[in-house]
Each structure stands twice: as C-alpha cells, then as structure tokens.
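> Have a look at this prediction, sequence included:
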There are 2 protein chains.
Amino acid sequence: MDIAVIGAGNVGGTLGRRWAQNGHRVTFGVRDVGAPKNQELLKQAGTSASLAPIGEVAARASIVLLATPWVNTQEALRSAGSLEGKVLIDATNPIVLGPELFKKGLLVGHDTSGGEQVATWASKARVVKAFNTVGWPVMANPRLAVRAASMLICGDDAEAKKVVKQLSDELGFETADVGALYIARLLEPFGMLWIHMSFGLGWGPDFAFQIIRR
Amino acid sequence: MDIAVIGAGNVGGTLGRRWAQNGHRVTFGVRDVGAPKNQELLKQAGTSASLAPIGEVAARASIVLLATPWVNTQEALRSAGSLEGKVLIDATNPIVLGPELFKKGLLVGHDTSGGEQVATWASKARVVKAFNTVGWPVMANPRLAVRAASMLICGDDAEAKKVVKQLSDELGFETADVGALYIARLLEPFGMLWIHMSFGLGWGPDFAFQIIRR
C-alpha cells in the first residue's frame, strides 16, 4: 500500500517505520527533509520509505496517517491539500501537550469528538479513528505479556476500516471495529485514560488494554 | 463489612449477593420486601443478607453501593437519608435505558460526570466510582479466559478507595485505582463503550478489558 504520514513524531514515525519495514511504500511529510532526525527516521525505515514536504505527500498515497499534535492538525490538513476519497487514519487526540495537559484534558468531547472535527476539516476523506488509545512504545511492539494489545477503530466507511484493520493487525494488534465515527466520542476519552494512567499516574507507557472473552 | 445496596437490580443484586456469600452483612434496600424477586435474591444471597426499605438501609452500613438506573438516582439518594462519612460506591452510568440509550449516549460528560453529580447529591459521602465499566455477567464471574477483567476505580478519598479495592479484588477483579473522582469523566465513557459494544454492536456481555503489561 501507499501510505503518507502527516506528523512524523513518535506516533507517526513509529507506525510509518513499521509499515515501511513491512514493505509498504511510506512517505513521511516533513517540514525539513534534511533535518538529522528525519534522515535518521528514513534510515531506520529502510528502502520503502521516503521524505517529502507535507504538501506533496498526499498525492502519492491512497492512505494518509494523521499523527500531528492536536493544535497543528487543522493547519497540517490545510497544507496537505485535498484528501478526497483517501483513507484518513486519525491517530490524534484533542489535547494540548505540556503542563496544561492534565489540567485541560480533552479539549472537545461528549457531543462531538476530534475525529468528527477532523472529518469536517478533511472534506470527503474516509476518516477512521485509530491508534489514539495507546502510546508509541506499545505501537512499536503491541505484544505485551503473552497476548497483544487491543486496538479499537471506528469510522463511517466500512471499506476504509477494513484497510486500517489490516494495517493494525499486521503490526501485531488485536483490532476491533467498534462502529461509526461518532464513537470517537468514546475512544478519545479511552485514549485520554491511557495518557492519564501512563504519564499522570506514572505507570509509564508499557501497558495497554486487551479485550478478553469468556 | 456492613454493606447497604441501593438498587437491587442486576448490578446491585449480583454484587450484593456475592459479597453476602463472602460473609459480609449486606442489606438490600427495596421498595417491596415481600416481592417474589426480592425474596428470591435473599434466598440466593444467604444468611448474611437481609432486605429493608431504602430509607432504612444506610443507617445499618458504613458502605453503600449505589446501583440505580440513572434517572432514579437522585430520588433514591434522597430516600436513603444522610450518607455523611460513608463510603458510597457509585456504580451508575448517566444513561437512559431503553430505545433512547444509543441515541442519547451519556447524558453528562466531558466537563463533569455522573460520579461528580452523585457527590453533590450525597453530601459528605466518600464517593468512589467503581463497577460501572462492565455488565453484571462479568461481575458474577470476572474470570474470563485465563485472567480476570480489570476494574478501574476513582475517588477523592484514599481510604474509601482502599475499601472498594478490597471489595473488588475479592470478587476476582484485578482492581486499579486510577485517581481522583473527576476521572469518572473518563471511566463513564469507558462504561458506555462497553455498553455500546455489548448491546449496540451485539458482542454480548461476556467480555471485558484487561490491563496487560510488558
């Protein structure tokens, strides 16, 4: 698959690197192609990966991973140009990073969600909320203990969700489709719970939730 | 321990019965002591259990389980009288049952929670949010597969949380204290996610989330 990554930080870098290592063609959208951290990412991701300015990556891919800090998301989508018809994986959480994080919590919620907001910004994209409920160390290796972390995804486009489920399964997650995009109103608090436990309570990032059945 | 149960439905009935079977003195607050379903509950719960009108149960107990349908909660707390100083376990979710459930979702959230609302109604009670994130079939036996369901609890009173953790652990949950009462803003969407998956998506009630660590 051809995958563009908008936001090559910890989350976008980890997911894109692993997908590239799996043989997908991954283009990281970056501000500065020559920056040492971007060159290092490219080296780790291998020959299936490339770097390009954010404004150029979407045209190369049918799948776009959105992994920007929330405050940069709207501007990053504007820079990316039209995403019409593309599978847009929204891995963001509507939070501010830094000292305000736990004071403010989720910036939107209850009767809307970041995922729904992203869908209004990225007109006609096929938005799937995914990869927002655990941190990048879990994404680097979802196998915790004897089984894997669950990854819950939601969206309004069934075919788009199948693509994202496959991309999640191949990373080692146990992926579950939990419904329409408005369920992001529940998945974003779930992500915030993980962030709270991990960083607020000091559990650290090496835990996740797994669905267990009788 | 002396435990009063307000709301002897599926959740209150299951938790109270199991605590009574463990030897705690459990009083179920009911409207009609002679009703067949209440007599059946009493029979199942055994000799450590009793029935009483809702207005009388709190005086007998230092721990009160609140397991009412949300719409009845404020009135039930009013009927119960003063809960000052008591450990009040809030197992409710701010939802309406019936055909409106998935249309309306959580009735409050984001910048407040049912748990915080309960704390304003039950003045000076030591509120702990717990047992709101899975259904009663999981409470009847939290062992799913080889390990147990996690139970996340939160509240502002550390000693009260210790009591609730013990009551949860002894039922077979792997219990985790996840912070102050306002974290109910995250645990109630988590409960709603379980309800949505269980009944909205048709998974049924025999699943839960378990925390796994590397």
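Arrived safely, thanks for sending.
> residues touching residue A:22, list them.
residue A:170 (CB atoms under 8 Å, 6 or more residues apart in numbering or on different chains). For the C-beta atoms, the positions are set from N, CA and C on the backbone; glycine is no exception.
> buried ones in whichever strand or helix holds residue A:71?
Assigned by DSSP states H and E, residue A:71 falls within helix A:70-80. The neighbour-count check on helix A:70-80 (16 or more other CB atoms under 10 Å in any protein chain shown) flags A:70, A:73, A:76-77, A:79-80 as buried.
> closest to chain B among those residues?
residue A:70 (15.4 Å; CB to the nearest CB).
> quick one: pLDDT of that closest one?
Per-residue pLDDT puts residue A:70 at 97.
> ok, stretch A:171-191 near chain B or not?
Yes - judged by CB under 8 Å from any CB of the partner chain, stretch A:171-191 and chain B are in contact via A:176, A:178-179, A:183, A:185-187, A:189-190.
> now, which of the residues you listed lie within strands?
In strands, defined here by DSSP state E, the members of the residues of stretch A:171-191 next to chain B are residue A:176.
> hang on, residue A:214 packs against residue B:145?
Yes - applying CB atoms under 8 Å, one finds residue A:214 in contact with residue B:145, separated by 7.1 Å.
> Could you find the closest non-adjacent residue to the residue nearest to the spatial centre of chain A?
Centroid-nearest residue in chain A: residue A:91, 2.6 Å away (criterion: CA atoms, centre = their mean). Distance criterion CB to CB, 6 or more residues apart in numbering or on different chains; nearest residue to residue A:91, sequence neighbours excluded, is residue A:131 at 3.9 Å.
> Ok, residue A:105 next?
residue A:192 (6.2 Å).
> State the three-state secondary structure for the one you found.
Secondary structure assignment for residue A:192 (DSSP: H, G, I helix; E, B strand; the rest coil): helix.
> Contacts only, for it.
The contact partners of residue A:192, by CB under 8 Å, 6+ apart, come to A:93, A:95, A:105-106, B:186.
> Chain B contacts on chain A?
Checking chain A against chain B by CB under 8 Å from any CB, the hits are A:105-106, A:108-111, A:141, A:144-145, A:147, A:149-150, A:152, A:176, A:178-179, A:183, A:185-187, A:189-190, A:192-193, A:196-197, A:200-201, A:206-214.
> ok so, going back, how near is the residue nearest to the centre of chain A to chain B?
18 Å (CB to the nearest CB, to the nearest Å).
> and that residue, what pLDDT?
The model's pLDDT for residue A:91 equals 97.
> which helices and strands does the helix holding residue A:71 pack with?
Secondary-structure packing of helix A:70-80 (3 or more CB pairs under 8 Å, 6 or more residues apart in numbering or on different chains; DSSP states H and E): strand A:2-6, helix A:54-57, strand A:63-66, helix A:114-121.
> Ranking helices and strands of chain A by mean pLDDT, which lands last?
Ranked by mean pLDDT, DSSP states H and E, the weakest helix or strand in chain A is strand A:147-148, scoring a mean of 88.
> Could you report the pLDDT at the residue nearest to residue A:91?
96.
> Next, the contact list for residue A:70, please.
Applying CB under 8 Å, 6+ apart, the residues near residue A:70 are A:92-96, A:107, A:114.
> Go again with 10 Å.
A:92-97, A:106-108, A:114, A:117-118 (CB atoms under 10 Å, 6 or more residues apart in numbering or on different chains).
> Neighbour count and distance to residue B:87 added to those, as a markdown table?
Formatted as a markdown table, these follow (neighbours: other CB atoms under 10 Å in any protein chain shown; distance: CB to CB, whole Å):
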| residue | neighbour count | distance to residue B:87 |
| --- | --- | --- |
| A:92 | 25 | 39 |
| A:93 | 26 | 33 |
| A:94 | 24 | 34 |
| A:95 | 22 | 32 |
| A:96 | 14 | 35 |
| A:97 | 11 | 36 |
| A:106 | 24 | 29 |
| A:107 | 16 | 34 |
| A:108 | 18 | 34 |
| A:114 | 25 | 36 |
| A:117 | 20 | 40 |
| A:118 | 24 | 42 |
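> Pick the one among the residues you listed closest to chain B.
Chain B lies nearest to residue A:106 out of those, by CB to the nearest CB, at 6.9 Å.
> does the closest one sit in a helix, a strand or a coil?
coil.
> Pull up the per-residue confidence for it.
The model reports residue A:106 with a pLDDT of 97.
> Tell me the bridge partners for the residue lying closest to residue A:61 once chain neighbours are set aside.
Nearest residue to residue A:61, sequence neighbours excluded (CB to CB, 6+ apart): residue A:4, at 3.8 Å. Residue A:4 forms beta bridges with residue A:27, residue A:64, as assigned by DSSP bridges.
> Pretty sure residue A:152 sits against residue A:210.
No - when contacts are counted by CB atoms under 10 Å, residue A:152 is not listed as touching residue A:210 (11.1 Å).
> So between these two, which is more surrounded?
Each of residue A:152 and residue A:210 has its neighbours counted (other CB atoms under 10 Å in any protein chain shown); residue A:152 has more, 27 against 22.
> Then residue A:102 would be within a helix, right?
Yes - according to three-state DSSP, residue A:102 belongs to a helix.
> pLDDT wise, what is the residue lying closest to it once chain neighbours are set aside at?
Among residues not flanking residue A:102 along the chain, residue A:200 sits closest, at 5.1 Å (CB to CB, 6+ apart). Looking at residue A:200, its pLDDT stands at 95.
> before we move on, what about the one 10 residues further on?
On pLDDT, residue A:210 comes in at 95.
> my guess is it meets residue B:150, correct?
Yes - with contact defined as CB under 10 Å, residue A:210 and residue B:150 form a contacting pair (9.3 Å).
> Need the overlap of contacts for these two.
In contact with both residue A:210 and residue B:150: B:208-212, using CB under 10 Å, 6+ apart.
> Where does the nearest residue to residue A:141 once chain neighbours are set aside sit: helix, strand or coil?
Among residues not flanking residue A:141 along the chain, residue A:172 sits closest, at 6.8 Å (CB to CB, 6+ apart). Three-state call for residue A:172 (three-state DSSP): coil.
> Does residue A:172 touch residue A:208 like I think?
No - applying CB under 10 Å as the test, residue A:172 and residue A:208 come out as separate, 11.2 Å apart.
> Quick check on these two: which one has the bigger neighbour count.
Neighbour totals were compared for residue A:172 and residue A:208, and residue A:208 leads with 27 against 18 (other CB under 10 Å).
> Could you grab the helix/strand/coil label for that one?
Quick answer, by three-state DSSP: residue A:208 is strand.
> Who does it form a beta bridge with?
residue B:212.
> That one contacts residue A:193, doesn't it?
No - with contacts counted by CB under 10 Å, residue A:208 stays clear of residue A:193, the gap being 11.4 Å.
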